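> quick one: sequence and predicted model below, then my questions.
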Amino acid sequence: MKLSRQAQKVFEVLKEEKKASFEEIQGHGFDQSMVARAAKELEEKGLAEIEREEEVAYKLTNKGDQVKREGSPEYRLIEILSDGPKKFSEINIPADVAVGKAKKKGWVKIYDGELSLTPEAEKVEEDEIAEQLRQEDFGEDHLARGLVERLTEVNRMLELTRKGEQVKTENIEEEFNVEAEASLPKIGRKHFYKEVIDYARQQWIEMGFKEMQGPFVVSSFLNFDALYTPQDHPARELHDTFFLQNPEKDDLRRFGDKVGRVAKTHEEGWQTGSKGYRYNWERAEAEKNVLRTHTTSVSAQKLHEIDIEEEELPAKYFTVSRNFRNETVDKSHLAEFLQTDGIVVGEDLNFRNLKAYISDFFEKMGYDEFRLIPSYYPYTEMSVEVQVYDDELDEWLGLGGAGMFRPEVVKPLLGKEVTVLAWGLGIGRIAAKAAGIEDIRRLYQNDIEILEKTPVWRPE
């Protein structure tokens, strides 16, 4: 029997352990992606079986943490009413929850607009709910009240089959694979994230796209208004967007009469067939400078620059560049991230063309399966979320959005209603998978160990 070197090493561990979790096997000096690939190969050869065991745990929510510290609303209500009946206006805690729970337990009664305790309430000696939370004695009641959330973790186990027990390690031959990942010499090399970015850029060029560029600092007009995002949209708040103090505003006169078109489109639809958002559009709001929150602002800039009468259609453009959002930094979110945006401008385009472009790109990037899920964006209709299937994680991952630009975006910028296919896709997840890392912050670290272990990137 022939096995790859990776599968041989994992098989030798399994012969000793009989059954082990993926994490236990990794403890023998193997990385996560190697164990996953080896396990799949052993399963295909009938030497081992992959089992998935779910572990359920509970975690306090913010609401539960508050109850743990301050007490449950119904118990606090007992304390408030302990010195006599009170009117609803005299209760300084959320009365709806407190009264509802206390009344259900028979602790309070309501008469003539006042709340008072029942004899049953006098028997209550401690705050049972808060104490249960402190003791981490969680149950379905806590879950129903939103005090805790259920976390499900999948633990993958690898177990020898009867055939695996019978096969001796000395009878296994190494299967030589000319496409296998080779170890890297300890020399200087390009960062693996840069390799993925350059490879993605090259794929668009090979598909006939021209690269478009745009500044990091743009006006709200380009980042939001031209993309038919209303001026009261939550994405335009400080907690989502970085606004600049210097220069605080942009001069929109370079966009000419397109500013007026966009304004009328927002207010009453202009000549797009839309009714608009029916509010008073403010130029001062559109002038505010921001760090661009998506590379779709580059697409909007390109639509402004295109002379639709002179352009050879279909016109295809792409960009791979950075964006900025006011995110709380953790293992899956950064304040800065990379995105590849693309637009195709033409008169005889449809949604099948959009799907074909995205499909071709992800196949080149090494993904065999992808799907488009109906979604919503202010500037496209129809709109979809693009998801790819990750074999190792055994789940679908969201990698961006796509759709067809609405007439409310296209006509004010081009002066003519044509079809524009558009997408904005994430690059970070692809690079993280290539390096076998789960914390996206490590993409921007010059970790020598990761750089040495990560092979020169190429899709499988």
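Received, thanks.
> number of nearby residues for residue 376?
12 (other C-beta atoms under 10 Å). All C-beta atoms are positioned from the backbone trio N, CA, C, and that covers glycine.
> go ahead and confirm it touches residue 385.
No. At 9.4 Å, residue 376 and residue 385 do not qualify as touching, with contact defined as C-beta atoms under 8 Å.
> per-domain residue ranges of this protein.
Taking automatic domain parsing as the criterion, the chain consists of the domains 2-54+157-174, 60-149, 192-453.
> can you list those domains in a markdown table and add mean pLDDT?
Shown next, in a markdown table, are the domains of the chain (pLDDT from 0 to 100):
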| stretch | mean pLDDT |
| --- | --- |
| domain 2-54+157-174 | 84 |
| domain 60-149 | 86 |
| domain 192-453 | 91 |
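> going along the chain, name the strands of the stretch 201-350 of the chain.
Assigned by DSSP state E, counting those that start in this stretch, the strands in the stretch 201-350 of the chain fall at 210-211, 217-219, 289-291, 315-324, 336-346.
> the ones you listed: which one's closest to residue 31?
strand 336-346 (23.9 Å; C-beta to C-beta).
> could I get the following helix or strand past that closest one in CSV with only the CA atoms?
Using DSSP states H and E, the next helix or strand after strand 336-346 towards the C-terminus is helix 351-364. Output of helix 351-364 as CSV, limited to C-alpha atoms (Å, rounded to 0.1, in the frame of the first residue of the first chain):
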residue,chain,number,x,y,z
PHE,A,351,-26.5,37.7,-13.9
ARG,A,352,-25.1,34.6,-15.5
ASN,A,353,-22.1,36.7,-16.7
LEU,A,354,-21.6,37.8,-13.1
LYS,A,355,-21.6,34.3,-11.8
ALA,A,356,-19.2,33.2,-14.5
TYR,A,357,-16.6,35.8,-13.7
ILE,A,358,-16.8,35.0,-9.9
SER,A,359,-16.7,31.3,-10.6
ASP,A,360,-13.6,31.6,-12.9
PHE,A,361,-11.8,33.7,-10.3
PHE,A,362,-12.4,31.3,-7.3
GLU,A,363,-11.5,28.3,-9.4
LYS,A,364,-8.2,30.0,-10.2
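> and residue 387, that one's in a helix?
No. Counting by DSSP: H, G, I helix; E, B strand; the rest coil, residue 387 is located in no helix; its state is strand.
> ok, back up a step: let me have the strands of the stretch 201-350 of the chain in a markdown table, adding distance to residue 13 and mean neighbour count as columns.
Output for the strands of the stretch 201-350 of the chain, formatted as a markdown table (distance: least, C-beta to C-beta, whole Å; neighbours: other C-beta atoms under 10 Å):
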| stretch | distance to residue 13 | mean neighbour count |
| --- | --- | --- |
| strand 210-211 | 47 | 12 |
| strand 217-219 | 53 | 20 |
| strand 289-291 | 49 | 20 |
| strand 315-324 | 40 | 20 |
| strand 336-346 | 37 | 21 |
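> possible to save the ones you listed as TSV with distance to residue 253?
As requested, the strands of the stretch 201-350 of the chain are exported to TSV (distance: least, C-beta to C-beta, whole Å):
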stretch	distance to residue 253
strand 210-211	27
strand 217-219	11
strand 289-291	15
strand 315-324	25
strand 336-346	25
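> quick one: which of those strands is nearest residue 86?
The nearest among these, by C-beta to C-beta, is strand 289-291 at 49.3 Å.
> secondary structure element holding the residue sitting nearest the centre point of the chain?
Centroid-nearest residue in the chain, with C-alpha atoms, centre = their mean: residue 398, separated by 6.1 Å. In this assignment (DSSP H and E), residue 398 forms part of strand 395-405.
> okay, buried residues for that strand please.
397, 399-405 (16 or more other C-beta atoms under 10 Å).
> ok, the residues you listed vs residue 221, which is closest?
residue 405 (16.3 Å).
> now the helices for the stretch 151-300 of the chain?
With helices called from DSSP state H, counting those that start in this stretch, the stretch 151-300 of the chain shows them at 162-166, 192-206, 220-223, 258-268, 283-287, 296-305.
> centre of the chain to the third one, how far?
Which is helix 220-223. Helix 220-223 has its C-alpha centroid displaced from the chain centroid by 23 Å (C-alpha atoms, centre = their mean, to the nearest Å).
> give me the residues contacting that helix.
In this structure, residues lying in contact with helix 220-223 by C-beta atoms under 8 Å, 6 or more residues apart in numbering are 236, 250, 252, 255, 259, 262, 285-290, 292-294, 297, 300-301, 304.
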